[in-house]
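S.K.: fold the following for me, if possible:
(2 chains)
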2 protein chains.
Amino acid sequence: MTARAIVGVDWGSTNLRAFRFDPDGGVVDVRRTESGARTLRGAAFEAVLKSVIEDWLDEGASRVITCGMAGGREGWLEAPYAPCPCDMRALARNVIRAPARFAEIWIAPGAKSLRDDGRVEVMRGEETQILGGLEDERGPALVIAPGTHSKWVQVEAGRLIGFRTYMTGELFALLKEHSILGRTMNANAKHDDQAFELGVHRAIEDKGLLNLVFSTRTEVLFEHLSPEAAPSYLSGILLGAEIVEAMERTPFTADTPIFLVGDPALAKRYAQALAIAGHPGVRSLDGERAAARGLWRMAQEQAP
Amino acid sequence: MTARAIVGVDWGSTNLRAFRFDPDGGVVDVRRTESGARTLRGAAFEAVLKSVIEDWLDEGASRVITCGMAGGREGWLEAPYAPCPCDMRALARNVIRAPARFAEIWIAPGAKSLRDDGRVEVMRGEETQILGGLEDERGPALVIAPGTHSKWVQVEAGRLIGFRTYMTGELFALLKEHSILGRTMNANAKHDDQAFELGVHRAIEDKGLLNLVFSTRTEVLFEHLSPEAAPSYLSGILLGAEIVEAMERTPFTADTPIFLVGDPALAKRYAQALAIAGHPGVRSLDGERAAARGLWRMAQEQAP
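M.R.: Below you'll find the model as predicted:
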């Protein structure tokens, strides 16, 4: 029996990336659209996916696997969360079949991390990306997936051990676009490294966030900071605050390797902020490649 | 010479309150409008004020004094900030004359607090309100003026010693109205005391904010919290986080009296959260009465 052709889809809130695999798991084609799950409802998921990948499919002989927000409560069909600790096999056991007619499509589960106090942490998409990106890492590692809702994840020997979410990226966007801080900044200015580092340093010294973010306004009012530098300063404050908060809560030792996975530009800022916080030598993994690898591996676990 | 009739105006970002004083400083009439400074530009300030108070004025014999955002950079005319420590006399020395034709109108300064690290904290309106509300308090006191941008103010013997701003109220509104948290909450539900207290407790235990705010979503997703209770829970988290952050940064001792000044409903929540944080017995001052008293006193200092 010939292995069936596999297509992987990383369906985020704001974009979609589709990967066409060769029989050995190599990516032979990638398509990227901005048809994120956030804007879609019901049958629109099928229509969008069909328009993106239909010409890749061998009639009846292909299998499609998606991870991310297509499985969210407001997505295509709600998929379960695999409880931590979980490995790729546990994820594969929890895939669900999408209600699509044009192809055999599976939706990956998310992952959840139960805390001692009863609270639950959840992710959708990062589990696949992280286990794909770290497939060769056997010891304990700390993985940071920065973004709208940053994840700090403990990984060991191909398993997600536990994680927490930090609302950093969304808060930055809210403050920049909708708050009084936005009125004294040039939101479209290019990155200002010095202002960014000042923000990181202050966040590490101050620790508290509610007072420090407001200085984004006063530092401009008193001409200590230009309107152009203000967004980078605010970004530095928020990344610094996330690092302070997360480092106090994530169990790891000085020799635990730290990985960043996700958007390369954002990963670069995190690496810079982590170095200021005393953690140089952080390694970056390409988020797209990691997601593709994770999707391929999940498909293999599901049915090689 | 007869004392001139005094009118006081507390001009906030979102509303305006005008007080007509008798010759002894008693308030004989109050008018409230929603013509906040945020929505006004240039000559609109004069037109609004005229429509509100013109019939109170004795031709040529009245004096009007305003505090708050009319003196802001985006207000009627930018007034200076009096540097801390400052008393009512220092504020009166820094009033500026408004460019109005229909009456003699003065705009009060704000106050600024210089920090060791060079950062500057500012307020407009609270300085008048606080020195008005605490005119009989001689020893050291801590005053909290909760709101969009909460102020924690050290006061002693009729002087503002120093203060810090916390962006709590604005952050609550942003998260409720514009973030993903708003999608799983009933934003118009009435206050839920139990959820509010849970939020306060968790903020005091957790300290970090970026992770904890996100639980407003996950606790609803996992049905630990109802969509109706979620806004109160989020409010508890933010007030609790402000109290933790501010208490660590404000010098005071166990016998320093704590006062709340401002909106009575909000002051009640702060008193409740402060009690959970180990500070019962906080006294509340009526914000409107305090502002009126401060305006009257500033007018007296300016020219009795």
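
S.K.: please make it C-alpha for all contacts and neighbour counts, starting now.
M.R.: Fine.

S.K.: which positions in the stretch 1-150 of chain A make contact with chain B?
M.R.: Taking CA under 8 Å from any CA of the partner chain, the part of the stretch 1-150 of chain A that reaches chain B is made up of A:R119, A:V120, A:E121, A:V122.

S.K.: A strand includes the third one, no?
M.R.: It stands for A:E121. Yes: the assignment for A:E121 by DSSP: H, G, I helix; E, B strand; the rest coil puts it in a strand.

S.K.: burial of it, as a residue count?
M.R.: 22 (other CA atoms under 10 Å in any protein chain shown).

S.K.: list the buried ones in the host helix or strand of A:V52?
M.R.: Element membership for A:V52, per DSSP states H and E: helix A:44-53. Neighbour counts over helix A:44-53 (16 or more other CA atoms under 10 Å in any protein chain shown) mark A:F45, A:E46, A:V48, A:L49, A:K50, A:V52, A:I53 as buried.

S.K.: for chain B, see how far away A:Y270 is.
M.R.: Per CA to the nearest CA, to the nearest Å, A:Y270 is found 16 Å from chain B.

S.K.: wait, that residue touches A:L239, no?
M.R.: Yes: if you go by CA atoms under 8 Å, A:Y270 and A:L239 touch, sitting 7.0 Å apart.

S.K.: about what we covered before: which residues are in contact with the helix holding A:V52?
M.R.: A:A18, A:R31, A:S35, A:A37, A:A70, A:W76, A:A100, A:F102 (CA atoms under 8 Å, 6 or more residues apart in numbering or on different chains).

S.K.: quick one: average confidence on the next helix or strand after that helix?
M.R.: Sequence-wise, the next helix or strand downstream of helix A:44-53 (DSSP H and E) is strand A:62-68. Averaging pLDDT along strand A:62-68 yields 96.

S.K.: could you check the angle helix A:44-53 makes with strand A:62-68?
M.R.: Angle of strand A:62-68 versus helix A:44-53, following axes from the mean of the first three to the mean of the last three CA atoms, to 10 degrees, is 120 degrees.

S.K.: mind checking if stretch A:161-171 is in reach of chain B?
M.R.: Yes: applying CA under 8 Å from any CA, one finds stretch A:161-171 in contact with chain B at A:R164, A:T165, A:Y166, A:M167, A:T168, A:E170.

S.K.: any idea how far the second one is from B:R4?
M.R.: For A:T165, the distance to B:R4 under the criterion CA to CA, to the nearest Å works out to 61 Å.

S.K.: neighbour count winner among A:Y270 and A:L239?
M.R.: Neighbour count, other CA under 10 Å: between A:Y270 and A:L239, A:L239 has more, with 27 against 23.

S.K.: and the more buried one, what does it touch?
M.R.: A:T168, A:V200, A:Y270, A:A273.

S.K.: scan those residues and report the most crowded one.
M.R.: Most surrounded of these: other CA under 10 Å gives A:V200, at 30 neighbours.

S.K.: just after the helix or strand in which that one is found, pick out the following helix or strand.
M.R.: Here A:V200 sits within helix A:193-206, counting by DSSP H and E. Using DSSP H and E, the helix or strand that follows helix A:193-206 in sequence is helix A:215-221.

S.K.: who touches that next one?
M.R.: With CA under 8 Å, 6+ apart, helix A:215-221 has contacts from A:180-181, A:184-185, A:225-227, A:230, A:233-234, B:119-122.

S.K.: among those, which are in helices?
M.R.: Among the contacts of helix A:215-221, DSSP state H puts A:A230, A:Y233, A:L234 in helices.

S.K.: what about the last one, neighbour count?
M.R.: For A:L234, the tally of surrounding residues (other CA under 10 Å) stands at 28.

S.K.: what separates it from A:S215, distance-wise?
M.R.: From A:L234 to A:S215 the distance is 9 Å (CA to CA).

S.K.: tell me what the residue in the stretch 51-200 of chain A positioned nearest to chain B is bridged to.
M.R.: The nearest approach of the stretch 51-200 of chain A to chain B comes at A:Y166, 4.4 Å away (CA to the nearest CA). Assessed by DSSP bridges, A:Y166 has beta-bridge partners A:S150.

S.K.: what is the burial count for it?
M.R.: If you count neighbours by other CA under 10 Å, A:Y166 ends up with 28.

S.K.: go ahead and confirm it touches A:G147.
M.R.: No: between A:Y166 and A:G147 there is no contact under CA under 8 Å: 9.1 Å.

S.K.: okay, now the unreliable bits of the stretch 51-200 of chain A?
M.R.: Confidence mapping of the stretch 51-200 of chain A against pLDDT under 70 gives the ranges A:60.

S.K.: tell me where it has strands.
M.R.: A:62-68, A:81-83, A:86-87, A:96-97, A:104-107, A:110-114, A:120-123, A:140-145, A:150-156, A:159-166 (DSSP state E, counting those that start in this stretch).

S.K.: many thanks, I have nothing further to ask.
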